[in-house]
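Enquirer: Task: produce atomic coordinates for the following.
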Amino acid sequence: MKVLNLRKTSEKSIWLMLATLEAIFVYLLKTLSQKHFLYEPLLILFMLISLVLTLLILSSKNELTICRHGVFYSSPFGNAHIEATKTKLIKQYSKFGFNCVIIIGEKFFIFAPFYSLTSRQLQRLKRYDYNLLHWLQVTHKRSKFQGL
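Expert: Have a look, this model is predicted:
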């Protein structure tokens, strides 16, 4: 099996949309008085969007790769490797143009925003019930070369 480099999509457009919403809410909060009935709901929305931005910044990955040894990723906090035997589930979610890949294992949970699997990779994972180890074992048995 060859290395699967997951691709990053829609990152810049999501950042731009959230930053624009933040700027609009800051402007509206400055123009409204604190006694206005819309002030508190706008403040709550501003705080929620700030929380989402913080979550996305903290969980962003620079690179996400899947190979026969497991999952490799690099983030602002350093590089990490998770063995394939410890990986239980790899699932992709896509809502409203926002893509993310979630990897669940025995003692870890990886949330990788802005990453997506190609349709071919997704069909391979579906065939093996999103279980990376089973997928890797079957493809390794079919491989003509032991080094792959």
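Enquirer: what's the spacing between the nearest residue to Asn62 once chain neighbours are set aside and Tyr27?
Expert: For Asn62, ignoring the flanking residues on the chain, the nearest one in space by CB to CB, 6 or more residues apart in numbering is Ser74 at 4.6 Å. Where C-beta positions appear, they are placed from N, C-alpha and C, glycine not excepted. According to CB to CB, to the nearest Å, Ser74 stands 37 Å off from Tyr27.
Enquirer: Just say helix, strand or coil for Lys61.
Expert: Counting by DSSP: H, G, I helix; E, B strand; the rest coil, the backbone at Lys61 sits in coil.
Enquirer: again with the one 10 residues further on
Expert: When classified by three-state DSSP, Val71 comes out as strand.
Enquirer: same deal with the one 10 residues further on?
Expert: In three-state terms, and counting by three-state DSSP, His81 is strand.
Enquirer: Please verify my assumption that it contacts Gly70.
Expert: Yes - because the distance of 6.1 Å satisfies CB atoms under 8 Å, His81 is recorded as touching Gly70.
Enquirer: More neighbours: which of the two?
Expert: Gly70 (20 against 10; other CB atoms under 10 Å).
Enquirer: if I pick the more buried one, what's in contact with it?
Expert: His81, Ile82, Glu83, Ala84, Thr85, Lys86, Thr87, Leu132 (CB atoms under 8 Å, 6 or more residues apart in numbering).
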